[in-house]
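Undergrad: One predicted model, sequence on top.
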Amino acid sequence: MAAAAHAAARRPFDLPPRPPRDADGRRCGLCVQDCVIGEGQRGFCGLREVRGGKLHHLAGPPDRGLLHWYRDPLPTNCVADWVCPGHHQRGKHNLAVFYAACTFDCLFCQNWHFREVDPRRAEKMTARQLADVANERTYCVCYFGGDPASQMAHALATSHLLAERGVVVCWETNGSAHPRLMDRAVDLALRTGGIVKFDLKALDDGLHRALTGASNRQTLENFARAAARFAERPDPPLVVASTLLVPGYVDPEEVGRIARFIAQFDPRIPYSLLAFAPQFYFHDLGFTSRRHAEEAEAAAREAGLVRVRVGNRHLLR
């Protein structure tokens, strides 16, 4: 049933119903989906295809990104705003980079409109072009989307250029990128004073697959690798976790399990619980209730975490 729901959600946007597994195809290997793409097929994220037996990126060379960006005045509604030095950088801004592709298929996606972007026709930006939009008031950059895991080569190339200019590098991600790439993202955040914000949607793999169309195996592995380095820079925190409180799916018990997973690495890792608003294929679901949020917060604290916050409180009902 879940697989059929994901296929139906992807069909209107001409996206593959599931990760391709063509026996004679070319392996992408850049994220948890590990697509093996046959001739004329596209990968799960919609950005890679095989033509003439070769793997091609529809946005062009890896240093070209399918994205849009904007200047977000600080302080801003960031998952980590409550523990981030950027909260105090009034007069400066965050360079918000919204990648128009994703490695997951969240049926409740809050930013699903990126699916309407045509990767063949839309304008792209090179890493240098994106880095050049930064100015003297650019305090930090944050990559989200969609998800930066779909275009990590571009995000990493841009980050190196921005780091040379003293810009703080942050990530907001589902954590599904190949561990080698995710390690490089963590290194850049650590070096520049940035934060890696992991969206831990569920600990149970079956629940995660039902909600997102993907395993959480690589997300948990990448989080563990990053969290093991938390003591290298606990303030500002190198790692922050978040979970969307989806009514009927992500209950306080599941939050408690996620929190225990986080706490085993360091109980000081900040954990943000986000209120849910009906979106996309979960448009008929209710908002997160105040009771749901309060019980989830209590469960996270009982699991041993000492920095827990409920975000988007204005959505609580």
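TA: Received the coordinates, thanks. Numbers count the residues shown, from 1 in each chain.

Undergrad: Count the neighbours of Glu39 for me.
TA: Each residue near Glu39 was counted by other C-beta atoms under 10 Å, and the total is 14. In this view, the C-beta of every residue, glycine as well, is placed from N, C-alpha and C.

Undergrad: That should have said Glu221, apologies.
TA: By other C-beta under 10 Å, the residues close to Glu221 number 15.

Undergrad: give me phi/psi at Phe230?
TA: Phe230 adopts backbone torsions of phi -60, psi -40, taken as degrees, to the nearest 10.

Undergrad: OK, contacts around it?
TA: 237-239, 265-266, 268-269 (C-beta atoms under 8 Å, 6 or more residues apart in numbering).

Undergrad: Turn those into JSON lines, including neighbour count.
TA: Formatted as JSON lines, these follow (neighbours: other C-beta atoms under 10 Å):
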{"residue": "Pro237", "neighbour count": "20"}
{"residue": "Leu238", "neighbour count": "22"}
{"residue": "Val239", "neighbour count": "26"}
{"residue": "Phe265", "neighbour count": "18"}
{"residue": "Asp266", "neighbour count": "19"}
{"residue": "Arg268", "neighbour count": "15"}
{"residue": "Ile269", "neighbour count": "24"}
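
Undergrad: what about the chain, any weak spots by pLDDT?
TA: Along the chain, no part satisfies pLDDT under 70.

Undergrad: about what we covered before: dump the contacts of Phe230 to CSV, plus distance to Gly65.
TA: Shown next, in CSV, are those (distance: C-beta to C-beta, whole Å):
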residue, distance to Gly65
Pro237, 27
Leu238, 25
Val239, 24
Phe265, 31
Asp266, 33
Arg268, 34
Ile269, 30
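
Undergrad: Contact partners for the spatially most distant residue from the centre of the chain?
TA: Within the chain, Gly52 marks the point farthest from the mean C-alpha position, 32.0 Å out by C-alpha atoms, centre = their mean. Contact analysis of Gly52 by C-beta under 8 Å, 6+ apart lists Glu39.

Undergrad: now it: how far from Glu39?
TA: Gly52 sits 8 Å away from Glu39, going by C-beta to C-beta, to the nearest Å.

Undergrad: The protein - how does it break down into domains?
TA: Using automatic domain parsing, the domain ranges for the chain come out as 2-57, 64-315.

Undergrad: and stretch 206-223, how far from the chain's centre?
TA: Here stretch 206-223 shows a centroid-to-chain-centroid distance of 12 Å under the convention C-alpha atoms, centre = their mean, to the nearest Å.

Undergrad: quick one: buried residues of that stretch?
TA: 207-216, 218-220, 222-223 (16 or more other C-beta atoms under 10 Å).

Undergrad: tally of neighbours for the closest residue to Val117 other than its chain neighbours?
TA: The shortest distance from Val117 to any non-neighbouring residue, by C-beta to C-beta, 6 or more residues apart in numbering, is to Ala100 (4.2 Å). Taking other C-beta under 10 Å as the neighbour definition, Ala100 ends up with a count of 25.

Undergrad: wait, what's in contact with Ala100?
TA: Counting by C-beta under 8 Å, 6+ apart, Ala100 has contacts 66-68, 114, 117, 119, 122, 145-146.

Undergrad: List the contacts of stretch 53-73.
TA: Here stretch 53-73 has contacts from 26, 28, 37, 39, 42, 46-50, 93-101, 117, 119-120, 122, 124-128, 130, 133, 138, 145, 151, 153-155, 157-158, using C-beta under 8 Å, 6+ apart.

Undergrad: Which parts of the stretch 201-317 of the chain are helices?
TA: Applying DSSP state H, counting those that start in this stretch to the stretch 201-317 of the chain gives helices spanning 205-212, 217-227, 252-263, 290-302.

Undergrad: Please name the bridge partners of the most centrally placed residue in the chain.
TA: By C-alpha atoms, centre = their mean, the chain has its centre lying nearest to Thr173, at 2.0 Å. Beta-bridge pairing of Thr173 under DSSP bridges involves Phe198.

Undergrad: I'd say it and Pro148 touch.
TA: Yes. The pair Thr173 and Pro148 passes the contact test of C-beta atoms under 8 Å, sitting 5.5 Å apart.

Undergrad: Name the residues contacting each of these two.
TA: Counting by C-beta under 8 Å, 6+ apart, the residues touching both Thr173 and Pro148 are Ala185.

Undergrad: thinking again about what came up before, what is the nearest of the contacts of Ala100 to Leu74?
TA: If you rank the contacts of Ala100 by distance to Leu74 using C-beta to C-beta, His68 comes first, at 19.4 Å.
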